[in-house]
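Chemist: the following comprises the amino acid sequence and a computationally predicted model.
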Amino acid sequence: SVFNAMGAMPSNDATSANADFFALDKIQWTATTSQPGRFFQMAYKGINRANSVLKYVPGITTAITPERRNQIIGEAYFLRALHYFNLVKCFGGVSLHVLPTESESQSAMARSSRDQVYAQIESDLSRAESMLPATFGAITIDRTRATKGAVNALQAKVYLYERKWSLSVAAAAKVISNTNYGSGLATPYANLLPFKNNQESIFEVQYAGTDDGGFTLPDLVLPSPPASYSFPKYDIPTQELMNSVDTTNDARWKNMGAVPGGTSYTSAIFGNGGDPNDDGWFIYKWRSTNFFASEDNYPLLTLDDTYLMYAEAANELNGPTQDDLDKLNAIRIRATLPALTLAALASKAAFRDEVDKQRRLEMAFQGDRWFDLVRYSNQMIADPSATHKVSALDIIKQQRGTANVNYLLFPLPLQELNSNPLAKQNPGF
């Protein structure tokens with residue numbers, strides 16, 4: 001839920017009256033803002049666990065087959081790459097630990113550059129791809145544990161952020177042709193929700209719905225009911241977003257009628273609980289609450305995202321082609337919107353604008369929007385001709401008065417600076 005807030009709250013999709021999220025909502029973060037600090041700590045815990053696996057599991061030769069040992073090692077490479085990818089998106093270059101930290105003397109390390117971190121991510125994913133199976137034999141396991149398809153989907157996203165367009169297209173193509181995820185975007189959009197290992201899911205964080213294995217996010221974003229308690233929630237859909245959606249024709253936002261607590265608009269719910277905390281727009285992509293122990297999952301990699309990544313990268317590589325458009329139209333058609341023609345999206349800029357729009361509508365509230373907007377800003381800085389209608393710098397200017405590029409990153413947490421004297425803070429903080 002922390003990383004979801006960091007990916008949604010600074011954007012033009014979400015807002016909140018909850019004081020705990022003021023810094024994210026208004027782009028006022030500092031080295032002591034809680035959410036980046038908690039995320040930083042959790043990511044490095046995950047990295048250290050992966051590093052321990054990579055150090056010790058290769059030496060285990062009894063009571064394990066070589067195939068199973070390789071699977072475990074491959075999963076560790078995948079998870080380390082995932083954690084470093086999330087860190088580099090948030091903070092830029094970070095300390096690159098590739099061995100387990102087993103004593104305090106090993107914890108201090110200077111930051112590697114952004115490019116060095118991405119190189120490590122690419123290397124880890126390449127190793128993971130060579131060691132992981134295409135399937136573990138059951139859809140619930142394949143969505144729980146890393147497979148070749150999950151590696152390919154993450155490669156597509158990593159290369160997209162690096163603007164390595166041809167490599168992103170190639171990785172996305174592997175996923176799209178992988179029958180483990182069905183044949184095309186065949187599942188009606190409403191049936192994708194709430195997230196729980198559906199056919200088009202690639203990799204999800206799993207939750208059991210128990211006290212020690214439940215998901216807290218639904219209770220933090222839904223009105224009461226269905227949420228267990230009434231208090232100011234976060235990731236509240238902005239009025240600007242809701243004014244831009246089609247609640248009549250778009251299956252992702254269509255009025256589906258009354259549900260407990262309000263009216264469902266598929267991806268959102270209009271609450272009518274009678275309390276100011278529970279009235280108005282809320283997220284509706286997760287629905288089970290259970291007193292902060294939801295059984296709903298959190299999707300990290302999905303097929304629709306991969307179609308959009310393919311369309312975006314292929315357009316940047318070659319300009320709009322029918323192949324690019326087919327991937328984009330698959331998103332529109334599944335949303336019950338009419339297919340577009342190349343004549344309607346004849347320029348690279350026009351096609352880019354439509355991809356941006358569909359990413360926002362398709363992936364809303366799933367923790368990508370802010371990072372997409374940052375990508376757009378970074379792309380325009382690198383190539384001023386690659387225009388986007390809205391980017392992170394536009395939102396930063398709205399919130400802070402100036403388009404300060406320093407806020408394209410979060411600052412390193414104060415606890416990291418205090419514990420690691422070799423770490424240097426990001427500019428402007």
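Modeler: Good, I have the coordinates. Numbering: from 1, shown residues only.

Chemist: from here on, just use CA atoms for contacts and neighbour counts.
Modeler: Noted.

Chemist: what's the helix or strand encompassing residue 150 in contact with?
Modeler: When elements are defined using DSSP states H and E, residue 150 is found to belong to helix 148-162. The list of residues contacting helix 148-162 from outside it, by C-alpha atoms under 8 Å, 6 or more residues apart in numbering, reads 78, 82, 85, 118, 122, 125, 128-129, 132-135, 165, 167-172, 174-175, 178, 202-203, 301-302, 306, 309-310, 313, 375.

Chemist: residue ranges with poor pLDDT in this structure?
Modeler: In the prediction, the chain carries no residues with pLDDT under 70.

Chemist: all strands of it, in order?
Modeler: In the chain, the segments counted as strands under DSSP state E are 14-15, 201-205, 236-237, 257-259, 262-265, 268-272, 279-283, 298-302.

Chemist: list the contacts for the closest residue in space to residue 247 that isn't next to it in sequence?
Modeler: Once flanking residues are discounted, residue 247 sits nearest to residue 254: 4.3 Å by C-alpha to C-alpha, 6 or more residues apart in numbering. Residues counted as contacts of residue 254 (C-alpha under 8 Å, 6+ apart) are 246, 247, 248, 265, 266.

Chemist: give the contact list for the second one.
Modeler: By C-alpha under 8 Å, 6+ apart, the contact list for residue 247 reads 253, 254, 255, 265.

Chemist: what's the burial count for the first one?
Modeler: Here the neighbour count serves as a burial measure; for residue 253 (other C-alpha atoms under 10 Å) it reads 23.

Chemist: same thing with the third one?
Modeler: Applying the criterion other C-alpha under 10 Å, we find 20 residues in the vicinity of residue 255.

Chemist: how about it, nearest residue that isn't a chain neighbour?
Modeler: The shortest distance from residue 255 to any residue that is not its chain neighbour, by C-alpha to C-alpha, 6+ apart, is 4.4 Å, and that residue is residue 265.

Chemist: any idea how far residue 393 is from that neighbour?
Modeler: Here the distance between residue 265 and residue 393 works out to 30 Å (C-alpha to C-alpha, to the nearest Å).

Chemist: how about residue 322?
Modeler: Relative to residue 393, residue 322 is positioned 32 Å away (C-alpha to C-alpha).

Chemist: the two - which one has more neighbours?
Modeler: Set residue 322 next to residue 393 and count neighbours by other C-alpha under 10 Å: residue 393 wins out with 21 against 11.

Chemist: go ahead and confirm that one touches residue 404.
Modeler: Yes. With contacts counted by C-alpha atoms under 8 Å, residue 393 reaches residue 404, the gap being 7.1 Å.

Chemist: what's stretch 88-108 in contact with?
Modeler: When contacts are defined by C-alpha under 8 Å, 6+ apart, stretch 88-108 is touched by residues 47-49, 51-52, 55, 87, 109-118, 371, 409-412, 419-423, 426.

Chemist: same thing with stretch 184-204?
Modeler: Applying C-alpha under 8 Å, 6+ apart, the set of residues contacting stretch 184-204 from outside is 139-140, 142-146, 149-150, 153, 176, 180-182, 251-252, 266, 285-287, 296-304, 330-331, 334-335.

Chemist: how far off centre is that stretch?
Modeler: 15 Å (C-alpha atoms, centre = their mean, to the nearest Å).

Chemist: go through it and flag the buried ones.
Modeler: When neighbours are counted by 16 or more other C-alpha atoms under 10 Å, the buried residues of stretch 184-204 are found to be 184-185, 189-190, 193-204.
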